[in-house]
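Asks: sequence and predicted structure, then a few things I'm wondering about:
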Amino acid sequence: MSDNQTTASPRSPDVTLRFLAAPTDVLMAGSHGVGGGRVLEWIDKAAYACATQWSGTYCVTAYVGHIHFTRPIPSGHMVEVRSRIAMTGRSSMHIVNEVLSADPRDGKFTRACDCLVIFVAKDTATGKTQEVPTFVPKTAEEERVLQSALSRIDLRRAIEAEMEKQTYDGPSDAPRLITRFLAKPTDINWGGKVHGGTAMEWIDEAGAACTMEWSGNHTVAVYAGGIRFYNPISIGDLIEVDARLMRTDTRSMQMSIHVRSGNPKGGRDHLRTAIHATVTYIGIDLDGQPLPAPQFTPVTPEDIQLAEHANILRDLRAEYSPVPLIPRHSMPRID
């Protein structure tokens, strides 16, 4: 081979991160494990690494969906976050993620969470979307994951269309918690915008605080049907995280959570929606067992509409019945 010839190295479609869960990862004293927001932050970092590795450019989080929290992760556990490309579009990458953990003393990994994250490649100079290499499945398992990702497209579009119909500014008696603060330099990624994972941690903290205040119990996130990213958040932006209860079931509390941002000089009236999420929480006792949820009865027209909206979202998931992203098989030991 001559000196001016080069061999293109193939891009890997997967990334695995491994580390120990620290005491600082636990949301509050007395918790049974790491907070859901911190787990989502880990997922976003691994998926971001997978997306940039595949695309070779800066990427932004566009959507996080079908998030299942199956069990808590104790402090001190070995954590493994696995991210892999499921499919690609012109500029998008659908990435399947699973979080596993194991007591280092026995090394038996079991799944704690799984979800789908969609990243979009961007040109840092122009801010425009950028084409990514096409992912072509090479194994039966990669083809199965591709078909699973394809099965979720119609569901995601139906959920987004349903969410866009709703309003959140009318008279309401619903339990609600609004927090405001400024985005810090430590919140941003190398593209100069706030990490999607950091914003998801804000979402979980607000949702947990609101449901704890309503129920009087410690609460944990068990499912998020979709987290949609609309606009980037910059250093110094005024951030408003607005968590609002939509509906209660026997045990669960379904929340709608908006993250809004903008120049603080413009005031709160000029904030625009950056992220919108729907997250389900349950209360747990000291042994981690589910507790009954205090029931919320909507009265105002908008509260009644949002309660029905929460029902429709649940029915849509049942109607579309997407193929599972990850089979429920046993996990390997630490190598």
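Replies: Thanks, I have it.
Asks: spit out the contact partners of residue 292.
Replies: 250-251, 283 (CB atoms under 8 Å, 6 or more residues apart in numbering). (Glycine included, C-beta is placed from N, CA and C.)
Asks: for the stretch 51-200 of the chain, just list every one of the strands.
Replies: Listed in chain order, the strands found in the stretch 51-200 of the chain under DSSP state E, counting those that start in this stretch are 59-69, 78-88, 92-102, 110-121, 176-182.
Asks: dump those strands to a markdown table, plus mean pLDDT and mean neighbour count.
Replies: Compiled in a markdown table, those are given as follows (pLDDT from 0 to 100; neighbours: other CB atoms under 10 Å):
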| stretch | mean pLDDT | mean neighbour count |
| --- | --- | --- |
| strand 59-69 | 91 | 22 |
| strand 78-88 | 96 | 23 |
| strand 92-102 | 95 | 24 |
| strand 110-121 | 94 | 23 |
| strand 176-182 | 97 | 14 |
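Asks: can I get those strands in TSV including distance to residue 132?
Replies: Conversion of those to TSV gives the following (distance: least, CB to CB, whole Å):
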stretch	distance to residue 132
strand 59-69	9
strand 78-88	6
strand 92-102	6
strand 110-121	5
strand 176-182	33
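Asks: out of those, the one nearest residue 230 is which?
Replies: Proximity of the strands of the stretch 51-200 of the chain to residue 230 was assessed by CB to CB; the nearest stretch is strand 59-69, lying at 9.3 Å.
Asks: adjacent strands (with direction) for that closest one?
Replies: Pairing partners of strand 59-69, with direction, according to DSSP bridges: strand 110-121 (antiparallel), strand 218-229 (antiparallel).
Asks: turn those into JSON lines, columns for distance to residue 65.
Replies: Conversion of the strands paired with strand 59-69 to JSON lines gives the following (distance: least, CB to CB, whole Å):
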{"stretch": "strand 110-121", "distance to residue 65": "5"}
{"stretch": "strand 218-229", "distance to residue 65": "4"}
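Asks: how about the helix or strand hosting residue 317: buried residues?
Replies: Assigned by DSSP states H and E, residue 317 belongs to helix 301-320. With burial defined by 16 or more other CB atoms under 10 Å, the residues of helix 301-320 counted as buried are 302-303, 306-307, 309-310, 313-314, 316, 320.
Asks: same question, stretch 279-286
Replies: Judged by neighbour count (16+ other CB under 10 Å), stretch 279-286 contains these buried residues: 279-284.
Asks: for the record, mean pLDDT for it?
Replies: Model confidence over stretch 279-286 averages 94 on the pLDDT scale.
Asks: contacts for that stretch?
Replies: 30, 32, 36, 203-204, 207-208, 211, 215, 217-225, 251-255, 257, 290-293.
Asks: now do stretch 224-232
Replies: Under the contact criterion CB under 8 Å, 6+ apart, stretch 224-232 has outside partners 60-67, 115, 156, 159-160, 163, 193-194, 196, 199-200, 203, 261, 272-280, 313, 317.
Asks: 6 Å - rerun?
Replies: By CB atoms under 6 Å, 6 or more residues apart in numbering, the surrounding residues in contact with stretch 224-232 are 61-65, 67, 159, 193, 272-279, 313.
Asks: please apply the same query to stretch 183-203.
Replies: Outside of stretch 183-203, the residues that reach it under the criterion CB under 6 Å, 6+ apart are 37, 40-41, 44-45, 58, 61, 232-233, 235, 237, 239, 241, 257, 259, 275, 277.
Asks: from residue 135, how far out is residue 194?
Replies: Residue 194 sits at a distance of 27 Å from residue 135 (criterion: CB to CB, to the nearest Å).
Asks: same question for residue 209.
Replies: Per CB to CB, residue 209 is found 39 Å from residue 135.
Asks: try residue 185
Replies: Counting by CB to CB, the gap from residue 185 to residue 135 is 34 Å.
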